[in-house]
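Colleague: test case, fold it:
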Amino acid sequence: MENTTTVYELKNNNRKRILEQLRFGALSRVELSKRVGLAKSSVTVLIGEMIKEGLIFEAGISNVNLADFPFFVSFE
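Modeller: Down below sits the predicted model:
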């Protein structure tokens, strides 16, 4: 049987995985990337879409490593 997963389904699955991680609190894009196993650039694109849709928002700035997407994202 062929794998019939569409790009749309894959994208939605990745968005769900990101949202599941944010249920526990704010995380940086770098940390989200590590937890869900996606490239930082992919996480950044998906986060940007979800921010525009009002699903999540930027919740603050990390002072740990300002070079790697320092903004936290969160539901609240």
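
Colleague: use CA for all of it now, contacts and neighbours both
Modeller: OK.

Colleague: strands of the chain, start to end?
Modeller: Applying DSSP state E to the chain gives strands spanning 27-28, 57-61, 71-74.

Colleague: direction included, what does the first one pair up with?
Modeller: Read that as strand 27-28. Here strand 27-28 is paired, per DSSP bridges, with strand 71-74 (antiparallel).

Colleague: could you give me the average pLDDT of the strand it pairs with?
Modeller: Strand 71-74 comes out with an average pLDDT of 67.

Colleague: what of stretch 18-35?
Modeller: Stretch 18-35 comes out at a mean pLDDT of 91.

Colleague: cool, stretch 55-68 as well?
Modeller: Per-residue scores along stretch 55-68 average to 67.

Colleague: residues in contact with G54?
Modeller: Under the criterion of Cα atoms under 8 Å, 6 or more residues apart in numbering, G54 has no contact partners.

Colleague: go on, N14?
Modeller: Counting by Cα under 8 Å, 6+ apart, N14 makes contact with V36.

Colleague: and if you look at K16?
Modeller: With Cα under 8 Å, 6+ apart, K16 has no contacts at all.

Colleague: per-residue pLDDT of the nearest residue to L46 once chain neighbours are set aside, please?
Modeller: Closest residue to L46 apart from its sequence neighbours, by Cα to Cα, 6 or more residues apart in numbering: R15 at 6.6 Å. pLDDT, R15: 96.

Colleague: just the C-alpha atoms of the lengthiest helix in the chain, please, in CSV.
Modeller: If you go by DSSP state H, the chain has its longest helix at helix 7-22. C-alpha atoms of helix 7-22 as CSV (Å, rounded to 0.1, in the frame of the first residue of the first chain):
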residue,chain,number,x,y,z
VAL,A,7,1.3,17.8,2.3
TYR,A,8,-1.8,19.3,4.0
GLU,A,9,-2.0,16.4,6.4
LEU,A,10,1.7,16.5,7.2
LYS,A,11,1.5,20.2,7.9
ASN,A,12,-1.5,19.8,10.1
ASN,A,13,0.2,17.0,12.0
ASN,A,14,3.3,19.1,12.6
ARG,A,15,1.1,22.0,13.8
LYS,A,16,-0.7,19.7,16.2
ARG,A,17,2.7,18.5,17.6
ILE,A,18,3.8,22.0,18.2
LEU,A,19,0.5,22.9,19.9
GLU,A,20,0.7,19.8,22.1
GLN,A,21,4.1,21.0,23.4
LEU,A,22,2.8,24.5,24.1
